[in-house]
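*Asks:* turn this into a structure:
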Amino acid sequence: MARQARTIIPGQAMHVMVLGNNRETIFLKDADRRIYLDWLREAAKQFSCSVHAFALMPNHVHLLITPQHADSLAKTMQSLGRRYVQYFNQQQHRSGTIWEGRYRSSLIDPDYFLRCQRYIELNPVRSGFESSPQESSWTSFGSHISGTAETWLVNHEHFWKLGNTPFERQMAWATFVKEGAPHWEDQQITEALLRSKPWVSDVYAQKLFKSNPEQAKIRHRGRPKKITSIISMA
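*Replies:* Numbers count the residues shown, from 1 in each chain. Modelled structure (predicted):
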């Protein structure tokens with residue numbers, strides 16, 4: 001069966017997930033997570049990707065990335081994946097892949113960007129590993145409410161619109177994440193990601209795929225509201 005073509009638009013954010021093979025653990029200690037993030041930073045810089053958010057879970061990773069060129073994301077993920085596999089195998093005296101197939105990716109509607117970032121940073125809470133996002137040491141939430149943890153992360157234009165000062169943006173983001181997301185929204189993001197389909201509105205699908213907008217759509221009940229309500233909080 002032919003591989004499903006990815007929908008990638010240079011300059012537009014992508015939600016990316018990599019899974020451990022057979023859901024096996026890919027991070028055994030904090031040093032593993034640290035080296036993965038360091039190598040992500042290096043690969044993203046080398047291949048022209050902006051990394052906005054991340055969540056490192058025991059057996060999978062969520063990333064929010066904007067590629068600057070059509071092949072930027074693929075090159076970034078391939079470089080990072082191969083480098084980390086070599087490191088992990090050396091550490092554990094094993095061989096073979098640690099990944100379950102190709103990475104999953106979902107093009108994100110610009111109006112839904114902050115909702116997707118919230119989904120990623122709440123992943124440890126949603127999965128039952130932490131009781132609050134503040135307790136999550138290995139997500140980008142700490143960087144977005146303090147501005148100091150991972151200074152190499154690139155804030156998206158919609159994040160900048162949350163306030164006129166760093167403090168205003170940090171407070172607005174903390175409030176938005178604390179509110180949480182409705183279950184149907186989490187379901188939509190998850191389904192789009194697992195199927196490597198865009199998470200976009202009907203209007204945006206028409207814009208992206210003028211000849212066949214149906215190819216971008218996954219039928220759901222309801223659809224996300226616009227993000228203007230959180231931008232106006234600042």
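*Asks:* can you tell me the SS state at T190?
*Replies:* Here T190 is helix, with the state taken from DSSP: H, G, I helix; E, B strand; the rest coil.
*Asks:* confidence score at it?
*Replies:* Looking at T190, its pLDDT stands at 96.
*Asks:* any idea which helix or strand comes after the longest helix anywhere in the chain?
*Replies:* In the chain, with assignment by DSSP state H, the single longest helix is helix 72-92. For helix 72-92, the following helix or strand on the C-terminal side (DSSP states H and E) is strand 104-107.
*Asks:* how far off centre is that next one?
*Replies:* In terms of C-alpha atoms, centre = their mean, to the nearest Å, the centre of strand 104-107 is found 9 Å from the chain centre.
*Asks:* packing partners for that strand?
*Replies:* Here strand 104-107 touches strand 14-19, helix 183-194, going by 3 or more C-beta pairs under 8 Å, 6 or more residues apart in numbering; DSSP states H and E. (Each C-beta comes from the backbone N, C-alpha and C, glycine too.)
*Asks:* which other residues reach that strand?
*Replies:* Strand 104-107 is contacted from outside by 6-9, 12-19, 73, 189, 192-194, 196-200, 208, 216, using C-beta atoms under 8 Å, 6 or more residues apart in numbering.
*Asks:* can you tell me which of those residues are buried?
*Replies:* The neighbour-count test (16 or more other C-beta atoms under 10 Å) marks 6-8, 12-19, 73, 189, 192-193, 196-200, 208, 216 as buried among the contacts of strand 104-107.
*Asks:* just the pLDDT for the residue lying farthest from the centre of the chain.
*Replies:* Relative to the centre of the chain, the most outlying C-alpha is that of H93, 30.2 Å out, by C-alpha atoms, centre = their mean. At H93, the model reports a pLDDT of 94.
*Asks:* relative to W39, how far out is it?
*Replies:* Distance, H93 to W39, using C-beta to C-beta, to the nearest Å: 21 Å.
*Asks:* cool, Q134 as well?
*Replies:* 26 Å.
*Asks:* quick check: nearest residue in space to F113, chain neighbours excluded?
*Replies:* H158 (4.9 Å; C-beta to C-beta, 6 or more residues apart in numbering).
*Asks:* dihedrals phi and psi, R41?
*Replies:* Dihedral pair for R41: phi -60, psi -40, per degrees, to the nearest 10.
*Asks:* distance check, the closest residue to it other than its chain neighbours against T139.
*Replies:* Nearest in space to R41, with sequence neighbours left out and distances taken as C-beta to C-beta, 6+ apart, is W152 at 4.9 Å. To T139, W152 is 15 Å away according to C-beta to C-beta.
*Asks:* quick one: low-confidence parts of the chain?
*Replies:* Along the chain, segments meeting pLDDT under 70 span 1-5, 211-234.
*Asks:* can you show me the strands along it?
*Replies:* Along the chain, counting by DSSP state E, strands occupy 14-19, 49-56, 60-67, 104-107.
*Asks:* what pairs with the first one, and is each one parallel or antiparallel?
*Replies:* For strand 14-19, the paired strands and their directions (DSSP bridges) are strand 60-67 (antiparallel), strand 104-107 (antiparallel).
*Asks:* closest one to F88 among these?
*Replies:* Closest to F88 of those is strand 60-67 (C-beta to C-beta; 12.8 Å).
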